[in-house]
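1. This is a predicted model, with the sequence first.
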Amino acid sequence: MRTRFLMLTGALALIAGCSNAGETMTLPVLGTGTVVVQVYFDGDGTQSFTLADSLFLGARVSLLAADGTDTLRVVTTDARGLATFDSVALGSWRVSVDRRALNDSVGVVVGDTGILRVLARGDSNIAGRQVRFGYREVTIAQARALAPGRRVMIRGTVVSAMQYFHDSSSFVTDPTGWLRITSARHRPGRTGNNIGDSVLVLGTSGTDLGQPVLLAGLFATLGTTPAPIATPTTVVEAHNAGNGTLDAALVQITLARITDTLTLGPDFLLRIADPADLATTTDVVVDSLLGIPRITWRPGFGITVRGVLVPKGDGTWILKPRIGSDITLSL
């Protein structure tokens, strides 16, 4: 409006000062331009547009004056993710995405802040902005507290990889805790996922066997970090995972004793106890994928075992070794 006012003022002054005042005069045409907003969904969490992402149809984008709050025009993004405002006066503008119209899967909106300037340039008078939608990223502690059904991302370090157990479960840690990921799999075109890998995991909050999990986790490996260190624990504490506080944690029990063995489907179960307290036991389930011969295990053997704690659903937990080196036997 200020530009229009100055141009009109200048034109009127010119009319008043000319000797041919009264002849037909044409005021200069005020220029217009275009504001284009592209909206995409960051499906792989890279925070930049990639082939794994998708253009977003149906987002409501508002055009506002740079210094105002009133919505001047609203355009909904098309199949190309574009909201186009044409015939926009030269000057400064803002755009804003209507968050109230977004579904629950959109937890992140980035890019619809700041000023856009439509300039009278010879090459182009188009102002553009790219807006990124994404899933909400949470810590493991926050993920464990979510209501079921929320689509979220977590970042963490792999404690146990998806290829170690036949149910494809994986275990991840961050500074706030541990979490089990059910039916884990790689993102398309991605590989990796070994102990110590730094990963970004997309999944749905839920529960399994009475404990919080991330369901059907999709893994993208970001880098490699040192392998997580097991938390020392006892047979008694492992039995109930420290009243649940160690659910999905990597723990180590040292110098326990095997009191019983049992075939458990494709797996093998070892029941262990502290030699000083044989009344309380914890079950150790050796996954068939470890390929350890069952003749290896004998009641009476001493055992030091490292693994992740998995709930049974009845208030007790089992300990699952991940790899052969997690188990040391002694006579």
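-> Thanks, I have the structure now.
2. Could you tell me how many residues sit around residue 197?
-> By other C-beta atoms under 10 Å, 19 other residues sit near residue 197. In short, each C-beta sits where N, CA and C put it, glycine included.
3. Specify the beta-bridge partners of it.
-> For residue 197, the beta-bridge assignment (DSSP bridges) gives partners residue 224.
4. Surely it is in contact with residue 223?
-> Yes: between residue 197 and residue 223 a contact is recorded at 7.3 Å, counting by C-beta atoms under 8 Å.
5. and residue 223, what does it touch?
-> Residues near residue 223 by C-beta atoms under 8 Å, 6 or more residues apart in numbering: 197-198.
6. quick one: it from residue 279, how far?
-> Residue 223 is 46 Å from residue 279, where distance means C-beta to C-beta, to the nearest Å.
7. Please apply the same query to residue 260.
-> As judged by C-beta to C-beta, residue 260 and residue 279 stand 13 Å apart.
8. Same drill for these two, tell me which one is more crowded.
-> More crowded of residue 260 and residue 279, by other C-beta under 10 Å: residue 260, with 13 against 7.
9. Setting aside sequence neighbours, what's the nearest residue to the more buried one?
-> Sequence neighbours aside, residue 271 is the residue nearest to residue 260 in space, at 4.0 Å (criterion: C-beta to C-beta, 6 or more residues apart in numbering).
10. try residue 127
-> Among residues not flanking residue 127 along the chain, residue 116 sits closest, at 4.3 Å (C-beta to C-beta, 6+ apart).
11. As a check, name the ranges of all strands in the stretch 1-150 of the chain.
-> Secondary structure of the stretch 1-150 of the chain (DSSP state E, counting those that start in this stretch): strands at 32-41, 54-55, 60-65, 71-76, 82-89, 91-97, 108-110, 116-118, 126-134, 136-137.
12. if we can go back for a sec, would you confirm that the residue nearest to residue 127 contacts residue 90?
-> No: counting by C-beta under 8 Å, residue 116 stays clear of residue 90, with 11.5 Å between them.
13. buried sites along stretch 198-217?
-> Across stretch 198-217, burial judged by 16 or more other C-beta atoms under 10 Å covers 198-206, 208, 211-215, 217.
14. residue contacts, residue 259?
-> For residue 259, the contacting residues are 271-273, 278, 281, 299, by C-beta under 8 Å, 6+ apart.
15. What subset of those is buried?
-> Buried members of the contacts of residue 259, scored by 16+ other C-beta under 10 Å, are 271-273, 281.
16. and the two most separated of those?
-> Maximum pairwise distance among the buried ones among the contacts of residue 259 (C-beta to C-beta): 7.3 Å, between 271 and 273.
17. Quick check: neighbours shared by these two?
-> Common neighbours of residue 271 and residue 273 (C-beta under 8 Å, 6+ apart) are 259, 281-282.
18. would CSV of those with pLDDT, secondary structure and distance to residue 241 be doable?
-> Formatted as CSV, those follow (pLDDT from 0 to 100; DSSP: H, G, I helix; E, B strand; the rest coil; distance: C-beta to C-beta, whole Å):
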residue, pLDDT, secondary structure, distance to residue 241
259, 97, strand, 20
281, 96, strand, 14
282, 97, strand, 10
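19. What segments of the stretch 151-300 of the chain are strands?
-> Under DSSP E, counting those that start in this stretch, the stretch 151-300 of the chain gives strands at 151-160, 170-174, 177-181, 185-186, 197-208, 211-224, 231-233, 250-264, 267-274, 277-286.
20. and the third one, which strands flank it?
-> This means strand 177-181. Here strand 177-181 is paired, per DSSP bridges, with strand 170-174 (antiparallel), strand 211-224 (parallel).
21. Identify the residue nearest residue 232 in space, chain neighbours excluded?
-> The shortest distance from residue 232 to any non-neighbouring residue, by C-beta to C-beta, 6+ apart, is to residue 252 (5.6 Å).
22. Might you report the residue contacts of the one you found?
-> Neighbouring residues of residue 252 by C-beta under 8 Å, 6+ apart: 230-233, 304-306.
23. got the domain boundaries for this protein?
-> Following automatic domain parsing, the chain resolves into domains at 31-134, 136-224, 231-330.
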